[in-house]
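Student: mind folding the following:
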Amino acid sequence: MARPRTKDDTYYAWSDLYNGGESVERKNANGTTVRIVESRNIIERGTEVGQSDLDVSDEHWAHLIESGSVRPYPLPEGADENVTPHRAVLAAIVDDQGDIDVNKLMSLGASSAGALVTLPNPINPPAEEGKTLGEDKPAGA
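Tutor: Numbers count the residues shown, from 1 in each chain. Here you go, the predicted structure:
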């Protein structure tokens with residue numbers, strides 16, 4: 001059984017994360033106050049990040065992990081602001097004829113291959129979460 005992850009483990013940002021910034025309040029001509037954002041501190045996707053870097057509560061950190069915004073493995077090579085991690089992995093393993101190249105697939109690290117199946121709600125859950133067909137049917141049904 002895999003050991004549970006702690007907040008001290010290494011994680012990576014899989015989306016740009018807003019981490020505060022500078023803003024000022026100004027009064028409009030009509031007397032209302034508005035907040036003007038002057039700068040934002042953004043942790044770019046792909047950056048190694050920890051809970052202390054973001055200064056967030058345990059609950060917020062757990063939500064970032066659960067939503068996939070931070071993950072315990074780096075972005076696959078080739079993923080950028082225009083290419084999703086899923087597409088980057090597919091591009092790395094599909095050959096010129098559109099078939100999966102087994103040698104390329106086997107050369108990927110587990111973290112890259114994980115981008116294909118580690119969604120917040122995985123399409124193909126791990127085996128221990130799966131059910132046997134007909135398991136919930138009464139006998140003779």
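Student: kindly report the domain assignment for the chain.
Tutor: Recorded structural domains for the chain (assignment: automatic domain parsing) are 10-72, 74-122.
Student: I'd like these as TSV, with mean pLDDT appended.
Tutor: What follows is those, written out as TSV (pLDDT from 0 to 100):
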stretch	mean pLDDT
domain 10-72	89
domain 74-122	71
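Student: got TSV for those domains, with mean neighbour count too?
Tutor: Just so you know, the C-beta spots here come from the backbone N, C-alpha and C atoms, and that holds for glycine as well. Output for these, formatted as TSV (neighbours: other Cβ atoms under 10 Å):
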stretch	mean neighbour count
domain 10-72	13
domain 74-122	14
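Student: phi, psi for the residue nearest the centre of the chain please.
Tutor: Central residue check for the chain by Cα atoms, centre = their mean: the C-alpha nearest the mean position is that of residue 68, 3.1 Å away. When quoted as degrees, to the nearest 10, the phi and psi of residue 68 stand at phi 90, psi 10.
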